[in-house]
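>>> this one's sequence-less:
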């Protein structure tokens, strides 16, 4: 049975496993000071067009979010995110564990609206009691969002302009960054994205790696002692080579974007399959996650034949479902899905 | 040039890489619910003789220590450790970051003395102001310690008896557990160790894995909602298979102890090499870390020919150095070292 | 100029100052072990009809909220409150500072709706990903709420029944408790309130004291080592006598409720003054805070003659304002307000 | 029976109670924005000779320590203190609760030695693994110390020079500041002390007030948003007037130092009484706390006739005891003690 439940059902891109095996007995320093990390970081700097960038390789998404956010905020500050943001819902309170409130704005197809942001900030500072409240210290958005949607270049420009006006760093969660950039709907590339934020990360776990997220401070603007902060948050890998080798491979010969493009091609076929049957979507996603709305009967008829996720219940016995593709999705899996429907 | 700087200079045992490659495209659930994790946990339960044990697979040592400690302590509690304990020194304040004080006792060759522990506890509770102080909530020891030393069975029995008397869980940091158990000086095995504590972990990172530490609550005594605690501490790996495959391999056919024994064999040869030259040791270590005391001249003469670590300066131009072996140490490396001296 | 800006514009009830002076040089133990604290706690136990109650005297409201909440929650738990709850907005992130998320529900006239609560809890546990989210650990409501509204006995009963069903302790923030109990709309008294929650506090700061909030665990159900938790949160007063004398005085001869009743009498007169002029209210408050909606012109005409608070802007140049009375409000102040309008 | 158990057995200096009563019904703004706080802060700025100083009035000592320390440190930083420092022992882990390690140095009669400090810092930065450890972010000392001892001007100068060299702010805990400054052994006054640190506080609780500690950043160097930090730490008093009135009174006509001098006069008489009987002292304290060493028999003979504290047991049935005087100590109490011995 093929599974579309999520984008981390397989291991790693075979090139990564090959590199791991080839370099396995090469003795290297620990804690990210190995030659693979150095090389990977150089390639990432080149790919984003930021020779001055600070790059850190961490292990997982929640870990990366709370390490970056806690590392950049002062104790009295919180982070602004939309209500459906990953940090607001699905990280088991890691942000609060590190002492910070997630200040929530409404979501629009999973995205933050620049107007909402500006109104919130104006309202905050015009309320005389604002010193009694958590101070906004950072803006967090995801590219793509939880619903697979992506920001346009001009949307990012406006959000970033507001952030700069209020001196708030902008953090872009790129757990699925490749799938956003490879979308036909995307009008930003890596260098543009890097120029429109203060920190972002390039997700490896969901895009070809066994694990790993590359945090980028594009203008060499990492907080002081960020290495110590990483260690303190349990996010420092002893055998940093595991991360170095993976990102070095993903950023060799454009592999990262190539495999992302494959996932998107598969996703667009999945989308077309549902659409051609007249099945509506919960959100119009241009990336690797598709959210068709299915009835209980439709779900029952697929169960046991293809795996997918029930996302949330809707009234009248219908459900939002999720079908995710990835770098590893085989065309035969999509063919099988088409045949089933 | 051969390196003895630490026990994480290589990748993983080849069997692990082989398994990763063989299973790579098998679709599996995330977050530790894959079939490899299930199998690995079963094998660990068998190896320790605790069919009821709760087992969790985490990524790294500091992460494991602070997740277990914060997960088991109440907010007003601290953890007792010796002054040289890893959590007291080299974890960048991760324990304090999670809100807890490390209450320190003197170290004796890196170990905690049962007498010190009992005196401390008696003194604590006989001081009328004790409610104004951090309450002891757990005892933390390492096997082996930072100095490579190990506890005997009877030492563990006495410490654990005191812990039970004071209702304090005993936590054994086993980042290098294999190297302790495989030492000729060891009189405990895995089941015995499991019976003499409330929680311990089996270090993978330093003993054959790319990453990974297996936390064991031997009597099914994991704290409630420990999965959520793991996630909250950034310690949940999306592709749990990476950890599952590694521990499943390490606990197949006794691989974990076999490769540990190799490291110890190499370490004993290293020890003998230094001893035969009349070079003294800082501590008499029966495990994979050896701490010869070298003069500046001796260090200079080795530099560039073999890599090792300067551990700490002593008076009169002498230095404690560390030579570590591991599962990956090649006999030729030890031969080369012998030749150099 | 008279001020109605808030309910803490004056010092303390004169009886308190008198007692402070009379007892000033009596030597007493510190940290709440003085005879006044003992006496105050006994009187509180009597007033609430709970001879087994644990009572702790803390200094201020935010301090009390975060000490109680952090003291009762485990690290992976959050607290459920309405979006306008004091802990969710006006405590500068104290709850998050102590590591916990405030999980918010909609507010209805400032109150939590039992239906919302049950739906939220059912939804939470029926979502398979719930272990990835903050676990609900407590329910927080205020009596009266931020908008001056109060819960009826049956509303409290239903909320508490849901809490018990889900094993969640119910915490009632009583910063203005006296003003709620003394309201003509109230159908609960102190013993009833105490029987319908797991912990609550009796606000002193806003009801006659210079400072002080009495935390009550009605059935002797204080968390273990709560004294240490108080100290750890900076909430332990060295000269506990200051709190003991105040609560002892407030709970002698029913002073607490007597002065609360005065505040309500004044508030009802204020309400009638606005109502008789056809001025609408933002919320229909039966307690000491009244929220008339005034136009800019009305506000301008009052400025400089009487002090009050601008609460929030409404469209079309109108504003929610707040007029608060207290134990100290003089009838002449209300007369003056009436004359002005 | 007279008590010498501590310096907070009485209420407040009568002038304070008088001012509280006189101003009781004056309507004032909350949260420290009242006219008394403004006046008190001005008088403090004058007394310390720092017209630019930022002054904040908090409630208690532990609260002040952890609010200042957490407010000034970054997440990856710890605070250096001697092992007997109040923050290291008797604050129930408040510093760790806020996320920071207390890095301890040896104590010498309760004081930090400049040499120890410099050696520690040099050692820290010369250890290549220092990024894996908590970074030093602040130095904390007390004036007087836990043992009643005080620093000389030149000792403070050297410590402060080292702090500036390493860019570490120096924080002086002045819970008993008056008793230090009024000591015949003191060669610093308030302006000198203010010039030799980055932040200190003037203890009110133990020197004439019911509660209150005045935090001073002498050169207007308070951290950004310190008001919000105070609120977040539960340290903001709604009726700030209570603190304003007290410090305004204490800093009118030199009352603070006058009443401190009285305590010292009484302490010197106590010291002389013990010395004249040939009773040794644990530490030679020039301030209000005296630590005579008494045998069990001597303690028994005093019990029931005068109250004092057993500080710690010594071998051979002897005990360190503490006799504390304060602004409130009556000469008759000292006479009675003399008569008893």
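Looks like it arrived, so ask away. Since the structure is predicted, the reported quantities are computational estimates derived from the model, not experimental observations. Residues are numbered from 1 along each chain as shown, chains lettered A, B, ... in the order given.

>>> next, the contact list for whatever residue of the stretch 1-150 of chain A ends up closest to chain B, please.
Of all residues in the stretch 1-150 of chain A, the one sitting closest to chain B is residue A:63 (3.2 Å; CB to the nearest CB). The way it works is simple: take the backbone N, C-alpha and C, and place the C-beta from them, glycine included. Going by CB atoms under 8 Å, 6 or more residues apart in numbering or on different chains, residue A:63 touches A:94, A:213, A:233, A:234, A:235, B:234, B:235.

>>> do residue A:33 as well
Neighbours of residue A:33 in contact, by CB under 8 Å, 6+ apart: residue A:240.

>>> same check on residue A:127?
Contacts of residue A:127 by CB under 8 Å, 6+ apart are A:133, C:312.

>>> and it, what's its pLDDT?
Here the pLDDT value assigned to residue A:127 is 92.

>>> residues of stretch A:102-118 that come out buried?
By neighbour count with 16 or more other CB atoms under 10 Å in any protein chain shown, stretch A:102-118 contains the buried residues A:102-105, A:107, A:110-114, A:116-118.

>>> neighbours of residue A:49, how many?
Residue A:49 sits with 14 neighbouring residues when counted by other CB atoms under 10 Å in any protein chain shown.

>>> excluding chain neighbours, what is closest to it?
In space, and not counting its chain neighbours, residue A:49 is closest to residue A:191: 3.7 Å by CB to CB, 6 or more residues apart in numbering or on different chains.

>>> ditto for residue A:45
residue A:53 (5.0 Å).

>>> check contacts around the one you found.
Residue A:53 neighbours (CB under 8 Å, 6+ apart): A:44, A:45, A:194, A:216, A:217, A:218, A:219, A:220.

>>> let's see 6 Å
Shown in contact with residue A:53 (CB atoms under 6 Å, 6 or more residues apart in numbering or on different chains): A:45, A:216, A:218.

>>> what are the phi and psi angles of residue A:58?
phi -110, psi 180 (degrees, to the nearest 10).

>>> repeat that for residue A:67.
According to degrees, to the nearest 10, residue A:67 has phi -70, psi -40.

>>> tell me the pLDDT of it.
On the pLDDT scale, residue A:67 gets 98.

>>> what about residue A:69, how many residues nearby?
Neighbours of residue A:69 using other CB under 10 Å come to 26.

>>> distance of it from residue C:129?
21 Å (CB to CB, to the nearest Å).

>>> ok, now residue A:168?
Taking CB to CB, one finds residue A:168 at 30 Å from residue C:129.

>>> these two: which is more packed in?
Between residue A:168 and residue C:129, counted using other CB under 10 Å, the more crowded position is residue A:168 (21 against 11).

>>> assumed the residue nearest to residue A:49 was part of a helix.
Yes - note on residue A:191: a helix contains this position according to DSSP: H, G, I helix; E, B strand; the rest coil.

>>> what packs against the helix or strand of chain A with the lowest mean pLDDT?
The weakest-scoring helix or strand in chain A, judged by mean pLDDT, DSSP states H and E, is strand A:309-314 (a mean of 93). Packed against strand A:309-314 by the contact rule (3 or more CB pairs under 6 Å, 6 or more residues apart in numbering or on different chains; DSSP states H and E) you find strand A:318-324.

>>> check whether the strand it packs on contacts chain B.
No - taking CB under 6 Å from any CB of the partner chain as the criterion, strand A:318-324 and chain B are apart, separated by no less than 11.2 Å.

>>> swap in stretch A:330-341?
No - on the criterion CB under 6 Å from any CB, stretch A:330-341 is out of touch with chain B, staying 8.4 Å away.

>>> for the residue nearest to residue A:49, give its distance to chain C.
From residue A:191 across to chain C, the span is 34 Å (CB to the nearest CB, to the nearest Å).

>>> look up how far residue C:201 lies from that residue.
Where residue C:201 is concerned, residue A:191 sits at a distance of 56 Å (CB to CB).

>>> between the two, which has more neighbouring residues?
Using other CB under 10 Å, the more surrounded residue of residue A:191 and residue C:201 is residue C:201, with 24 against 13.

>>> surely the more buried one is in a strand?
Yes - assigned with three-state DSSP, residue C:201 falls within a strand.

>>> what's in contact with stretch A:93-102?
A:62, A:66, A:69-70, A:73, A:78-79, A:81, A:87-88, A:134, B:232, B:234, C:93, C:96-97, C:99-101, C:134.

>>> do you know how far residue A:66 is from chain C?
The value you get for residue A:66 to chain C, if CB to the nearest CB is used, is 12 Å.

>>> next, count neighbours for that residue.
Residue neighbour count, defined by other CB under 10 Å, stands at 26 for residue A:66.

>>> skip the chain neighbours and tell me the closest residue to it.
Nearest non-adjacent residue to residue A:66 (CB to CB, 6+ apart): residue A:94, at 4.0 Å.
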